[in-house]
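Chemist: sequence isn't available, so here's the structure alone:
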């Protein structure tokens, strides 16, 4: 997922995103080093919600274009977008718990393996769900 490298000498942290995200590194000023954990959680939460939101909107557009947006998928899209909107300021533990609880909705929107959109799902969205599952288990989140 995301990694933050803290340089104690100059009080800066560098947030490194997964290469699949194609996002540049972000340098942040971290006065107390303990703040690094809080910043890391905020950045990971933002990354998770932003990636899932963009993917859900993309899937909605793709499904509409190929006329495969049925009621089940439309409901999954609405529920996921609502979940994201309601959890923009929630803790990382809460966000991960909700991603895990709603993983079935995410997988209901997954493209089939022959789709040109499958690599994005496989390289970005599925690892987010797996990471959230592991994070929730480690932190004993229900």
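Modeler: In hand now; what should we look at? Since the model is a prediction, treat every value here as computed from it, not as a measurement.
Chemist: phi, psi for residue 5 please.
Modeler: phi -110, psi 120 (degrees, to the nearest 10).
Chemist: what about the helices in this protein?
Modeler: Counting by DSSP state H, the chain has helices at residues 35-65, 71-86, 92-101, 103-108, 118-120, 126-138.
Chemist: which of those sits closest to residue 28?
Modeler: With C-beta to C-beta, the closest approach to residue 28 among the helices of the chain belongs to helix 35-65: 5.9 Å. (C-beta placed from N, C-alpha, C; glycine too.)
Chemist: just checking, what packs against that closest one?
Modeler: With contacts defined as 3 or more C-beta pairs under 8 Å, 6 or more residues apart in numbering; DSSP states H and E, helix 35-65 has these neighbours: strand 3-7, strand 12-16, helix 71-86, helix 92-101, helix 126-138.
Chemist: give me the residues contacting stretch 17-30.
Modeler: Identification of contacts with stretch 17-30 by C-beta atoms under 8 Å, 6 or more residues apart in numbering yields 1-2, 6, 11-16, 36, 39, 43, 47, 51, 123-124, 127.
Chemist: 7 Å instead, please
Modeler: Residues from elsewhere that reach stretch 17-30, judged by C-beta atoms under 7 Å, 6 or more residues apart in numbering: 1-2, 6, 11-16, 36, 39, 47, 123-124.
Chemist: list the buried residues of the helix or strand of the chain with the lowest mean pLDDT.
Modeler: Here the helix or strand of the chain ranked lowest by mean pLDDT, DSSP states H and E is strand 3-7, holding a mean of 73. Across strand 3-7, burial judged by 16 or more other C-beta atoms under 10 Å covers 4, 6.
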